[in-house]
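Enquirer: Quick one, fold the following:
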Amino acid sequence: MHTVSADSEFLERVLAAGAILVNIGDIDILLEQILTEARFFTNADAGSIYTVEGNVLSFCHSQNETIISRGERIPYTRFTIPINKSSMAGYVACTSEILNIDDVRKIPEEAPYSFDDSYDRIACYRTRSTLTLPLTNNRHVVVGVLQLINAKADQREFIPFHNSMEPLAKYYATLGALALERAMMTRTLLMRMVNMTEMRDPKETGPHVNRVGSYSVIIYDSWAKANGIDEKDRVHNRDILRMAAMLHDVGKTGISDIILKKPGNLTADERKLMEKHCSIGAEVLRNCESAFDEMARDIALNHHENWDGSGYPAGLKGKKIPFMARIAAIADVFDALSSQRAYKDPWPDNKVTEEMEKLFIGKFDPDLKVHLISQLDALREIKESYPEQ
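Expert: Next comes the predicted model:
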């Protein structure tokens, strides 16, 4: 059997993976990165990550190298499982113990947990070995569960996870839990700002801003890979973009309810007052003390500028519009067309795509068109992940 000892090389890989987590603020980017790095240092083919939400585990992210190598998308939906001992992840959440199982189809009958093979059947995949770890904070509270699937030998055959991995993997999981708690606090603060905006404008919902943030990251990531952006920079930019794009309309807190909640079309004068939300948002975010602050301000101020200079508030043209604001503008309009509004039903996918393609003439950066169109399937998956309540 292939073995991996906890030697200095493995230690270095774990420490390097943990160091990446401390600089990530957005919870979704963090969860994805916790899973990515853990799969790297354990040489796992696949994995999933869950967060504790009350008395259930919420399935957040899944990765599977085998399925991706087949040119297929990972079957992915958000779901929850009870925190009890009947599932492997639930057992780990209840007990704070590590579960290292050589073959999930040979779990002893007397074990309280069992393996659910429904995902394997849907994905045409075969899970063999699993290493399931609690994400436990410094108060010894489990805030999530990390499950790694199918350790790989050099020949790419699936093998068990060696026991010597467990201590360092547990240490990494603790680092992940601490980073996760910090990211949860950051998300809570962001959502409080969003909730203030939603009280004024019912369209600015939590699901809406989460979709805009996620869409922005997908479009940026496609562009960044195509343009050879270093992975470290790409992770950093994705992190702050995900959070900054969520605040694109924070300036609506300064717009009158008479305008925000008017059921019909706005007059020309009302439209000018509405357009001030960009400048108000920039004023709210004026004290730029970090890269996130700067990006959030750029997006709030400039996400209604148009490529041909016909937008507002300043009529910026072309590349004078900050790059991330150009991306957030695309994400915002895509969501507006795709979503239910008081004044409209969601447009069908083909009509949304057709309209977005038209808007790349004059409104949007034409160089970003391919990065929207090529990612439509991913964007639609995100839409399903953040439905309106």
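Enquirer: now the strands: where do they sit in the stretch 101-250 of the chain?
Expert: Applying DSSP state E, counting those that start in this stretch to the stretch 101-250 of the chain gives strands spanning 130-136, 142-152, 158-159.
Enquirer: Can you find which helix in this protein contains the most residues?
Expert: Under DSSP state H, the helix in the chain containing the largest number of residues is helix 166-200.
Enquirer: That helix to strand 142-152, inter-axis angle?
Expert: Using axes from the mean of the first three to the mean of the last three C-alpha atoms, to 10 degrees, the direction of helix 166-200 lies 130 degrees away from that of strand 142-152.
Enquirer: can you give me the angle helix 166-200 makes with strand 130-136?
Expert: Helix 166-200 and strand 130-136 meet at an angle of 60 degrees, taking the same axes, to 10 degrees as the criterion.
Enquirer: quick one: buried residues of helix 166-200?
Expert: Buried positions in helix 166-200, judged by neighbour count with 16 or more other C-beta atoms under 10 Å: 168-169, 172-183, 186-187, 190, 193-194, 197-198, 200. Where C-beta positions appear, they are placed from N, C-alpha and C, glycine not excepted.
Enquirer: and that helix, what does it pack onto?
Expert: For helix 166-200, the packing partners by 3 or more C-beta pairs under 8 Å, 6 or more residues apart in numbering; DSSP states H and E come out as helix 8-21, helix 27-42, strand 130-136, strand 142-152, helix 206-226, helix 231-246.
Enquirer: Next, format those as TSV and append mean pLDDT and distance to Gly254.
Expert: TSV is the format used below for the helices and strands packed on helix 166-200 (pLDDT from 0 to 100; distance: least, C-beta to C-beta, whole Å):
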stretch	mean pLDDT	distance to Gly254
helix 8-21	85	36
helix 27-42	94	28
strand 130-136	97	39
strand 142-152	97	36
helix 206-226	95	17
helix 231-246	95	18
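Enquirer: rewinding a little: what angle separates the longest helix of the chain from helix 206-226?
Expert: Counting by the same axes, to 10 degrees, helix 166-200 lies at 120 degrees to helix 206-226.
Enquirer: quick check: mean pLDDT across helix 166-200?
Expert: Along helix 166-200, the predicted confidence averages to a pLDDT of 90.
Enquirer: now it against helix 8-21, angle please.
Expert: Orientation of helix 166-200 against helix 8-21 (the same axes, to 10 degrees) gives an angle of 10 degrees.
Enquirer: okay, the helices and strands packed on helix 166-200, which one's buried deepest?
Expert: Among the helices and strands packed on helix 166-200, ranked by average contacts under mean count of other C-beta atoms under 10 Å, first place goes to strand 130-136 (a mean of 26).
Enquirer: now that strand against helix 27-42, angle please.
Expert: Here strand 130-136 runs at 130 degrees with respect to helix 27-42, directions being taken by the same axes, to 10 degrees.
Enquirer: how far away is the closest residue to Pro160 other than its chain neighbours from Met246?
Expert: Nearest-residue entry for Pro160: Asp102, 4.0 Å, with adjacent residues in sequence omitted and distances by C-beta to C-beta, 6 or more residues apart in numbering. For Asp102, the distance to Met246 (C-beta to C-beta, to the nearest Å) stands at 43 Å.
Enquirer: Over to Ile68?
Expert: 28 Å.
Enquirer: which residues touch Leu247?
Expert: Neighbour list for Leu247: Leu190, Met193, Val194, Val209, Gly281, Leu285, Ala296, Ile299, Ala300 [criterion: C-beta atoms under 8 Å, 6 or more residues apart in numbering].
Enquirer: Could you pull up the residues touching the nearest residue to the first one once chain neighbours are set aside?
Expert: Counting by C-beta to C-beta, 6+ apart, Leu190 lies nearest to Met246, which is 5.6 Å off, once chain neighbours are set aside. When contacts are counted by C-beta under 8 Å, 6+ apart, Met246 touches Leu190, Val194, Val209, Asn210, Val212, Gly213.
Enquirer: Show me the domain layout of this protein.
Expert: According to automatic domain parsing, the chain is divided into the following domains: 8-182, 201-385.
Enquirer: Can you give the distance from the first one to the centre of its chain?
Expert: So that's domain 8-182. Here domain 8-182 is found 17 Å from its chain centre; the criterion is C-alpha atoms, centre = their mean, to the nearest Å.
Enquirer: Give me the secondary structure label for Leu368.
Expert: For Leu368, the secondary structure call by DSSP: H, G, I helix; E, B strand; the rest coil comes out as helix.
Enquirer: measure it to Cys94 for me?
Expert: Leu368 sits at a distance of 46 Å from Cys94 (criterion: C-beta to C-beta).
Enquirer: same deal with Leu260?
Expert: Using C-beta to C-beta, which is the criterion applied here, Leu260 is 46 Å from Cys94.
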